[in-house]
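Visitor: A predicted structure for the sequence below; I have some questions about it.
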Amino acid sequence: MNGSESSRPSSPLQSYSVSPSATPSRSRQSFSETLMEEEIKNAEAIINKVKLDFSDNDYFLSLFVGDDRKDATMFLEAVTSLQKAMHDYVKQCSSSEKLVRAQSLMLAAVKRMEKEFYMILSANRKVLDKDSILGSSSPRASPPSSSNTLRFTKDDRVPGNFISASGIAMADLKNIADTMIGSGYGKECVRVYKIIRKSIIDETLYHLGVQNLNDSQIQKMDWNILDSKIKNWLNAVTIAVKTLFYGERILCDYVFSSFESIAESCFTEISKDAAVNLFSFPEFVAKSKKNLSPEKIFRALDLYEAVSKLWPGIESIFSYGSPSPVLSQAVAAQVKLGEAVRIMLNQFETAIQKDSSKSASGGGVHPLTRYVMNFLVFIGDYSDAVADIVADWPVNIPTQLPESYFSITTASEDPSSAAITQRLAWLILVLLCKLDTKAALYNDVALSYLFLANNLNYVVSKVRNSNLGVIMGPEWISNNGSKVKQYVANYEKMGWSKVTSALPEDPTGEIPPEEAFECFRRFNLGFEEECMKQKLWVVHDPEIREAVRISLTRKIVPAYHVMYYKHRGGYKMELIIGFVPEDLDNYLSNLFSATPDSSNTSSYDESRRSSPYR
């Protein structure tokens with residue numbers, strides 16, 4: 001290769017040298033400067049045309065209006081070209097005068113972009129809500145309405161074809177953000193975004209009734225006021241997570257999708273304070289010692305359950321690479337609520353053990369039984385939450401308690417399910433033990449058994465007809481149902497032994513008149529005594545009531561009928577016979593028709609009448 005060939009341009013572009021005597025290096029540099037100068041001139045023409053005149057603040061015509069985005073596109077492309085030219089100037093150490101000129105143009109362009117960005121965000125405050133954002137983004141076109149599992153994937157941050165107002169606004173915001181951040185003015189862009197969107201979060205929560213309450217304020221609140229705020233919070237937190245923060249995360253991730261770290265920091269800053277305050281409330285409620293009582297446990301469970309059901313959404317919305325203070329606060333609230341529920345369950349158990357109310361009149365269902373079982377039925381409705389809370393909280397069963405008293409089997413292999421079954425079985429056992437002591441207060445053994453039958457049957461019925469049946473299982477129901485039958489049998493045996501024993505073993509057999517006379521005498525005394533004594537006794541369950549009547553009728557009436565018609569004409573029988581067989585049917589059919597006298601237990605009921613969970 002000769003010298004003349006070595007000086008030929010390696011590219012057709014090199015033929016456009018400014019000076020024939022220039023070296024190839026010098027020619028390329030001059031050409032680059034020319035291109036940079038042209039890029040600045042082109043950008044200058046577009047930017048000067050749309051730069052803001054701050055002497056006339058009332059007049060502003062946005063480039064991002066209508067269906068035509070030609071001017072807006074040209075403007076953003078001009079800014080990008082200007083930034084490239086400035087970068088090249090710095091890289092090649094070119095004229096500082098031209099660089100100052102380019103910088104001045106860039107500042108004017110940035111002011112225009114800030115204004116446009118602000119105007120789009122302001123004008124679309126109501127349009128850029130969760131539903132409209134989802135409606136314009138294909139991956140979220142069908143937001144979950146009843147499901148509580150809101151999860152983010154990378155696809156959630158890639159919008160589809162935008163056809164709605166919110167979709168157009170989102171696209172404009174993203175284009176401006178990409179241009180500003182790419183030009184080195186990300187702080188200015190993010191500052192405007194934070195001002196607008198943070199105010200929207202704060203205003204929305206305010207309208208939902210979420211207040212900035214501290215621990216001290218909640219500790220001093222009367223329960224009626226706090227209960228009202230809890231109900232409001234339960235409604236607000238669902239909307240906040242599923243609508244407000246969910247939509248803000250989607251919007252923020254999309255607008256700053258080209259800069260993931262900026263999207264993370266921006267969403268964190270606009271949402272952190274509001275979200276932490278939102279999830280501080282249930283923690284403060286759980287720490288309110290003056291409101292820790294069994295009747296208030298259900299509000300704590302409402303709060304616990306709400307956070308648990310929303311947790312998948314909370315976790316996906318507020319999870320980034322760095323630890324989230326919002327997730328930490330939500331977890332702290334759950335922990336404190338769980339501790340509060342345990343305290344109240346202990347208080348509930350202690351209240352059962354210390355109950356000193358009198359036995360129920362007529363052997364009916366005791367108010368303590370009603371209260372405890374209604375309480376536990378409501379607990380059963382929160383089975384998932386309670387199972388989670390008691391999963392690692394074993395029951396301390398006294399070693400002296402026979403195994404047959406507390407033998408629980410569960411088909412579930414889930415430790416938490418087994419834990420709640422054991423916990424509730426223990427509380428029921430505590431109640432039954434207390435009822436045993438109350439049964440001993442009756443002077444009549446038969447009435448004690450009737451009392452136990454009534455109350456245990458009430459317990460079994462409550463379990464069978466509620467979610468407790470699923471928790472306790474069919475074996476528990478069957479075992480305790482058998483105990484009810486045994487109590488009824490014991491009542492019949494002890495309560496009517498004087499009557500049945502007065503009848504001859506074989507009423508059709510021949511017996512001396514004197515013996516027949518004695519049978520009628522003892523029968524009359526025993527039957528009249530039991531009827532008088534038991535006329536105020538109660539059998540709560542109508543099926544058991546009818547079964548007892550039928551059972552007593554079969555044991556008494558047929559035998560008496562035979563004895564009556566066989567011996568009624570005997571010596572002086574008309575003086576001793578007090579009942580005809582038809583009378584017995586009438587007397588027995590009228591048993592257990594009385595209602596229990598609650599006068600001796602009204603104070604017990606009254607002390608709990610204010611509870612909404614009776």
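Guide: It's in.

Visitor: let me see the mean pLDDT of stretch 514-528.
Guide: Across stretch 514-528, pLDDT averages out at 90.

Visitor: which residues touch it?
Guide: Stretch 514-528 is touched from outside by 498-499, 501-504, 511, 556, 560, 563, 567, 570-573, 576-579, 584, 587, with contacts defined as CB atoms under 8 Å, 6 or more residues apart in numbering. Every residue, glycine included, has its C-beta placed from N, CA and C.

Visitor: please indicate which of those residues are buried?
Guide: Taking 16 or more other CB atoms under 10 Å as the criterion, what is buried in those is 499, 502-504, 511, 556, 560, 563, 567, 570, 576-577, 579, 584, 587.

Visitor: least confident of the residues you listed?
Guide: residue 570 (66).

Visitor: still on that earlier bit, out of the buried ones among the contacts of stretch 514-528, list just those in helices.
Guide: If you go by DSSP state H, these have 499, 502, 556, 560, 563, 567, 576, 584, 587 in helices.

Visitor: now flag whichever of those residues is closest to residue 370.
Guide: Closest approach to residue 370 among those (CB to CB): residue 587, at 30.1 Å.

Visitor: may I ask which helix or strand of this structure has the lowest mean pLDDT?
Guide: Between all helices and strands in the chain, the lowest mean by mean pLDDT, DSSP states H and E belongs to helix 602-608, at a mean of 36.

Visitor: for stretch 98-105, buried residues please.
Guide: 98-99, 102, 105.

Visitor: on that earlier part again, wait, which of the ones in helices among the buried ones among the contacts of stretch 514-528 is closest to residue 317?
Guide: residue 587 (71.9 Å).

Visitor: what helix or strand is the closest residue to the closest one other than its chain neighbours on?
Guide: Spatial nearest neighbour of residue 587, chain neighbours left out: residue 531 (5.2 Å); criterion: CB to CB, 6 or more residues apart in numbering. Element membership for residue 531 (DSSP states H and E) is helix 513-534.

Visitor: put the alpha carbons of that helix into PDB.
Guide: Taking C-alpha atoms only, helix 513-534 is exported to PDB below (Å, rounded to 0.1, in the frame of the first residue of the first chain):
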ATOM      1  CA  PRO A 513    -104.400 -58.000  98.800                       C
ATOM      2  CA  GLU A 514    -102.300 -56.600 101.600                       C
ATOM      3  CA  GLU A 515     -99.300 -56.400  99.300                       C
ATOM      4  CA  ALA A 516    -101.300 -54.800  96.500                       C
ATOM      5  CA  PHE A 517    -102.600 -52.300  99.000                       C
ATOM      6  CA  GLU A 518     -99.000 -51.400 100.000                       C
ATOM      7  CA  CYS A 519     -98.000 -51.100  96.300                       C
ATOM      8  CA  PHE A 520    -100.800 -48.600  95.700                       C
ATOM      9  CA  ARG A 521     -99.900 -46.700  98.800                       C
ATOM     10  CA  ARG A 522     -96.200 -46.300  98.000                       C
ATOM     11  CA  PHE A 523     -97.000 -45.600  94.300                       C
ATOM     12  CA  ASN A 524     -99.400 -42.800  95.200                       C
ATOM     13  CA  LEU A 525     -97.000 -41.200  97.600                       C
ATOM     14  CA  GLY A 526     -94.000 -41.500  95.300                       C
ATOM     15  CA  PHE A 527     -95.800 -40.300  92.100                       C
ATOM     16  CA  GLU A 528     -97.500 -37.400  93.800                       C
ATOM     17  CA  GLU A 529     -94.300 -36.300  95.500                       C
ATOM     18  CA  GLU A 530     -92.200 -36.500  92.300                       C
ATOM     19  CA  CYS A 531     -94.900 -34.700  90.200                       C
ATOM     20  CA  MET A 532     -95.100 -31.900  92.800                       C
ATOM     21  CA  LYS A 533     -91.300 -31.600  93.100                       C
ATOM     22  CA  GLN A 534     -90.600 -31.800  89.400                       C
END
